[in-house]
Structure formats: structure tokens, C-alpha cells
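Visitor: Have a look; sequence and predicted model below, questions after that.
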Amino acid sequence: MIDAKVRTNVLRAVDSLKDELVQLVCDMVRIPSVSSMPAGSGSSDTVVEISGETRVNHALKPVMESCGLETDLWEVEKGRANLVGIWRGKGRGRSLLFNGHVDVVPPGPSEKWTVAGPWSGEIIAGKIYGRGSTDMKGGVAAAVFAMKALLKAGYRPKGDVFIQSVVGEETMETSAGTGAALERGYRADAAIVCEPSSPPHKLSINTASPGLVLMQVKVKGKAAHISMRHELIRPGGLGAAVGVSAIDKAFLIYQALLKLEEEWGQTKRHPAFTRPGHFVLFPEVIQGGDILAASIPEECSMIYIIWHPPQDTAEGVAEEIQAHIARFAQTDPWLRENPPEVYVPFYSWPPFETSPEEPICKAAAAASEALFNRPAVLYGSGYTCDASFIRQAGIPTIVVGPGTPEVAHGFNEYVAIQDLLDAAKLYAMTIVEWCGI
């Protein structure tokens, strides 16, 4: 249990740093840092070109140092620098790793940002707007200021504390970002990934996420002039002897996979996911035909994003979906003779899972209860993140961070300033509980 005096001093210290924390998040958001975005063009051969990711970490480095942290800034890929802030423990406490990424997804058309611009970092009604505010520059900044608040309050963590600010998470470039930081030796007894973790409640404790598989289904048709369409669909028409629309047949597969998705909603379960329906097959892209060809389309391709339970493997999911499509194809004369081609998985993101009985879960829960004066909420999230790769490295990992996934990757993304303050308080008290002071 966290001492009442320590709690009061930590909360007061975080509140006193509010303006600095808000300014840092605004400054970070104002630096465009789309993952893998080409480096800016230099004005001469002497100018070192760097990515937006590196620019964010260059801006963050002196802030970390002003908070009493050592820093390590290095590149795995040219022009894309990771940053780690390091606190060397003053005793024999347990070590703790905070992880976050500074790359963001593209903002899309600027006119869709109707409240504030994607790189504005503008404050409106207690919220900071801009791409990356929630996902997840706000979480990185909150972790840094958790350490600053502890030191300002006069407390020195006994265990080591590492704050990873990495590149490439949005495109699963683990070897350039989080994986590189782990290989460089920045590991700990437990980890907190600072991704947004609301709902079900603000700063809930996420202990699991689904695995992700990207699947492509190609359906063949038979080309013919579009004037023959009536022969394909009207009773008594010549049908497949003339042509077959690949789009029509792809739609049958789409319906079959929709049925499988409904089935998953009833059969796929995991204790971290209290509500059914997290595990889905989502058609991200459907493409077929060419309007300039004026032909019955002979091929249609569908790309699915599949979320599966942590206990399932990508290989097992692939086999299940392939078998389902194969069974359905037997019900259609054309598909029976021309079975769809299924490519799965050609991309997968592993799930992560940490038992609620792990000490880090209990430490974070104790900090949450001390902060919010209510029982902590532990749950499974519906999105993937670098927690998967940290957990694969053998480190018990949870996800806790300011903001909500509901606004991540969308237009008018924002993070509430109060969420930033509460995250910094929760992180600071988790350090107290976990590392000792």
C-alpha cells in the first residue's frame, strides 16, 4: 500500500508540472512523424537529413535530461533515431520499463480535421488536438514527467527505470524500434506500454491483446463483354459458358466469412475479454475489375484483417479460415471447380498476454486504486501494440496510457489534459509501488 504522505506529495508534484507537461505534448504533436516518412530535404550536403521520428526524439532528449535521466539516442535505420531515458536505481528495487512510440499514422486530408489541424497541437476545451496526441506521444510524455515529479518530490526510485521512445511501431518495424531497444539491453523486471487504455474506464490496465493476421483471398472469374451480363444472371441464360463475375463470386466468399465472424463471436473466448465479439474478420480492401476494360471482371481480391484470441496461433487461424472457405466453395459449382486462392498469413502481429496474478499487475492495480479510489479495472484490449514483442522477450507487460483508442487514427484526434496528468500520477505511483523509493 502506498503511504498517504507519499501519495499526496507525488500528486502535488505532478500537478505543479502541468504546464510543462502540456507544453511538451503540444511540441511533440507539432512535429510530423509519420512512420517511415522520408527524411526532409537538406539545403546542402552538410545537412544531415532526419525523419520526423528523430526530430521528436531530439526534442525529447533535453527534456529527459532535465528530469534527471541519462539518455541514449541511436539509430538502427539511417535518419530514424530511438531514444531511451535511464534512471539508475539507488538501491535494490525491481526495475521497470516504460515503452512508447513517436511515429504516427498519416493524418489524411487536412480538411477532414474540422476542430484543429493535424499538426497544430492546439488546446481546445481542455484537450490537445493533433495526430499522435493520443497514439501515443501523450503517453511517452506522461512517463517522462512521472519521473520528474518523483524527483521533484524528493523520492529516488531504488530500481532502474527505463523510458523507451521508439520508431516504427505503426508499421511493425520492430527491428528498428522496440526490438532494437531490447537488444541494446534496455530490459527490466516488468514493462508498461503507454498506449491509450480507455475504456472501459480511464487508464484501465490492459493485460492482453488479440493477434493480428492479414489475409488475402483471390477469386477467379471468366471475362466477357459487359453486354453479356444478362446471360450470367437471368433464368435460362448461358451462365458460366459465357462468363463469370469474380466480384459476384467474391461476394459469396465475403458472406461465408461474415458467417464465420458471427460464429467467432459466440465461440472465441479469453478470460481477459469480458465481452464477446473482440475477435473478428474485417474486410479492409475489396478490389476487382477495370472500368476501362468494359468487361465482366475475371479476378477479385479481398484483403482481411483478422483479430484472433491470444491462445490461438496465426497458423491455426490460417488453417481454420482456409478450411471454412474450402467447405463453402463446394456449395457453388463455379467455386468448386475454381477454388479461391487464400494467402494467409503473409503478415501477422503476435498477441500478448500477462496473467492478472503477475506482480506488475498487482502493483499497477494498487497505484490505480490509490489514485482513483476505486477498484482497478483489468481487461483485454482490441488492438495490438509493441507490448507483444516486449512480452515475447520474457518481460511481464501491461498497457496503461492516457487517451482512448476511439479517437486514435481518426480525424480530430486529441488527448485530454486531465488524462495526461492522471497518467503521470499513475506511472509515478506505480514506480513507487514497484521499484521502491
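Guide: Thanks, I have it.
Visitor: Sketch out the low-pLDDT regions of the stretch 151-300 of the chain for me.
Guide: By pLDDT under 70, the low-scoring segments of the stretch 151-300 of the chain are 276.
Visitor: all helices in it, in order from the N-terminus.
Guide: For the stretch 151-300 of the chain, applying DSSP state H, counting those that start in this stretch gives helices covering 178-183, 229-233, 246-267.
Visitor: Let me know which of the ones you listed is tucked in deepest.
Guide: Comparing those by mean neighbour count (mean count of other C-beta atoms under 10 Å), helix 178-183 comes out on top with a mean of 22. (C-beta placed from N, C-alpha, C; glycine too.)
Visitor: tell me what it is packed against?
Guide: Using 3 or more C-beta pairs under 8 Å, 6 or more residues apart in numbering; DSSP states H and E as the contact criterion, the elements in contact with helix 178-183 are strand 80-87, strand 96-101, strand 161-166, helix 387-392.
Visitor: okay, it in CSV with CA atoms only?
Guide: Extracted as CSV, the C-alpha positions of helix 178-183 are listed here (Å, rounded to 0.1, in the frame of the first residue of the first chain):
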residue,chain,number,x,y,z
THR,A,178,11.3,-1.6,-29.7
GLY,A,179,13.2,-4.8,-30.7
ALA,A,180,16.3,-2.7,-31.2
ALA,A,181,15.9,-1.1,-27.7
LEU,A,182,15.5,-4.6,-26.1
GLU,A,183,18.6,-5.9,-28.0
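Visitor: the strands in the stretch 251-400 of the chain, which residues?
Guide: Counting by DSSP state E, counting those that start in this stretch, the segments of the stretch 251-400 of the chain that form strands are 281-288, 299-308, 341-349, 352-353, 378-380, 397-399.
Visitor: center of the chain - which residue?
Guide: Of all residues in the chain, the one closest to the mean position by C-alpha atoms, centre = their mean is Cys385, 3.9 Å from it.
Visitor: For it, which non-adjacent residue is spatially closest?
Guide: Here the nearest residue to Cys385 in space, its sequence neighbours aside, is Glu195; by C-beta to C-beta, 6 or more residues apart in numbering that works out to 4.8 Å.
Visitor: show me what contacts that neighbour?
Guide: With C-beta atoms under 8 Å, 6 or more residues apart in numbering as the criterion, the residues that contact Glu195 are Gly100, Asp135, Met136, Gly139, Asn206, Tyr383, Cys385, Ala387, Val399, Gly401, Pro405.
Visitor: Looking at the residues you listed, spot the one nearest Ser165.
Guide: Set against Ser165, the nearest of the contacts of Glu195 by C-beta to C-beta is Gly100 (5.9 Å).
Visitor: which one is the closest one nearest to, not counting chain neighbours?
Guide: Counting by C-beta to C-beta, 6+ apart, Val140 is the residue found nearest to Gly100 once chain neighbours are left out, at 3.7 Å.
Visitor: Need phi/psi at that neighbour.
Guide: For Val140, the backbone dihedrals (degrees, to the nearest 10) come out as phi -60, psi -50.
Visitor: Against Pro199, how distant is it?
Guide: Plainly put, Val140 is 21 Å away from Pro199 if you go by C-beta to C-beta, to the nearest Å.
Visitor: ok, those two, which is more surrounded?
Guide: Counted by other C-beta atoms under 10 Å, Val140 and Pro199 do not tie: Val140 has more neighbours, with 29 against 13.
Visitor: how about the helices and strands packed on helix 178-183 in TSV, adding mean neighbour count and distance to Ser227?
Guide: Putting the helices and strands packed on helix 178-183 into TSV (neighbours: other C-beta atoms under 10 Å; distance: least, C-beta to C-beta, whole Å) gives the following:
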stretch	mean neighbour count	distance to Ser227
strand 80-87	24	54
strand 96-101	28	53
strand 161-166	28	56
helix 387-392	24	52
